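>>> just to be clear, the model below is a prediction. Sequence and coordinates:
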Amino acid sequence: MSNWNDLFSNNQDLIFVLILAIFLGVELIKNIPAVLHTPLMSGANALSGVVVVGAILVMLHADPNNYLILGLGFVAVVLGIVNVVGGFAVTGRMLNMFKKNDK
């Protein structure tokens, strides 16, 4: 039990910032007008790309025997790539709705 206490006391500032970021993110997303969702989706795709690069860098510097870090890094890379590809597909479909048909 003392390991959890040490972990919390050593990272108390980081845990506070994480909790604050979660609350601010939820409030920000809740109050965005519908008109801004498409441009913000493109920005979110860029952030997911940063997550993919960050996860790859963490995996490169991890100990090869630390399977937890490598597994979580792999999951982060896969989910980040799925988010990027899906976000660009949805953004492309939304932008195609605004094109004129020449029929």
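Alright, I've got the coordinates.

>>> leaving out the residues flanking it, which one is nearest to the residue nearest the centre of the chain?
Centroid check for the chain by Cα atoms, centre = their mean gives S48 as the closest residue, at 4.8 Å. Distances taken as Cβ to Cβ, 6 or more residues apart in numbering put N83 closest to S48, at 4.3 Å, once the chain neighbours are dropped. No exception for glycine: its C-beta is placed from N, CA and C like everyone else's.

>>> and the gap between that neighbour and L40?
14 Å (Cβ to Cβ, to the nearest Å).

>>> may I see the buried residues of the lengthiest helix in the chain?
In terms of residue count, the longest helix belonging to the chain (DSSP state H) is helix 67-96. By 16 or more other Cβ atoms under 10 Å, the buried positions in helix 67-96 come out as G73, A76, V77, G80, N83, V84, G87, T91.

>>> what's the domain layout of this structure?
Here the domain assignment for the chain is 1-31, 36-103, based on automatic domain parsing.

>>> can you list these in a markdown table and add mean pLDDT?
Converted to a markdown table, these look like this (pLDDT from 0 to 100):
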| stretch | mean pLDDT |
| --- | --- |
| domain 1-31 | 80 |
| domain 36-103 | 83 |
